[in-house]
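K.L.:
Pasting the sequence and the predicted coordinates here, then a few questions.
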Amino acid sequence: MPTGSCFCEKVKIEYSGEPAMTALCHCADCRKISGGLYSHNIVVPVSAFNITSGKSTLKEISKTADSGKSITSAFCTDCGTTVFRYGDSFGGPDGMRIIKAGVLDDVDVLNNTKPGAELYASERISWVQKVGGSEDKKGME
């Protein structure tokens, strides 16, 4: 069962089963949340996702995403790490959890979750290579 945590390790998560989707997202929100040029996301059903510690340390902030739909980010109030997101494009609060792959503890899990899609690929920074064989799912986030 893959596990993960925020930078200060107060918030800890886990998920079971195979991800419903793995994707890079190049939207402006993901660049800002990750502090990088894109985010790597592992999407799992809420029923397969669990916050194992630090739930009271999480804060959520919602906004209208580039798609025009609501997206909510859950982050640690102590260290600021965005741990996961959920939104209207992914079934709302009872749908999917969009785990920020960088919070996962096991590098082998990351090695085995190559992104299968790119969200907002048209906004990919020009010198960032396209993920081979991926599909652009614009409007998902």
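P.N.:
Received the coordinates, thanks. Numbers count the residues shown, from 1 in each chain.
K.L.:
quick one: the strands in this structure?
P.N.:
For the chain, the strands defined by DSSP state E occupy 3-5, 12-15, 21-25, 39-45, 49-53, 58-64, 70-76, 82-87, 96-100, 117-119, 135-136.
K.L.:
Can you pull out the low-pLDDT segments for the chain?
P.N.:
Under the criterion pLDDT under 70, the flagged ranges of the chain are 133-141.
K.L.:
which one of the strands of the chain lies closest to Asp106?
P.N.:
Between Asp106 and the strands of the chain, the shortest gap by CB to CB is with strand 3-5, which sits at 7.3 Å. C-beta: built from backbone N, CA, C; applies to glycine.
K.L.:
Check which helices and strands that closest one sits against.
P.N.:
Contacts of strand 3-5 with other secondary structure elements, assessed using 3 or more CB pairs under 8 Å, 6 or more residues apart in numbering; DSSP states H and E, are made with strand 12-15.
K.L.:
10 Å instead?
P.N.:
If you count contacts as 3 or more CB pairs under 10 Å, 6 or more residues apart in numbering; DSSP states H and E, strand 3-5 packs onto strand 12-15, strand 49-53, strand 82-87.
K.L.:
Next, the angle from the last one to strand 70-76.
P.N.:
Angle, strand 82-87 to strand 70-76, by axes from the mean of the first three to the mean of the last three CA atoms, to 10 degrees: 160 degrees.
K.L.:
Could you list every helix and strand in contact with strand 82-87?
P.N.:
Contact analysis of strand 82-87 by 3+ CB pairs under 10 Å, 6+ apart lists strand 3-5, strand 12-15, helix 28-34, strand 39-45, strand 49-53, strand 58-64, strand 70-76, strand 96-100 as its packing neighbours.
K.L.:
All set now, cheers.
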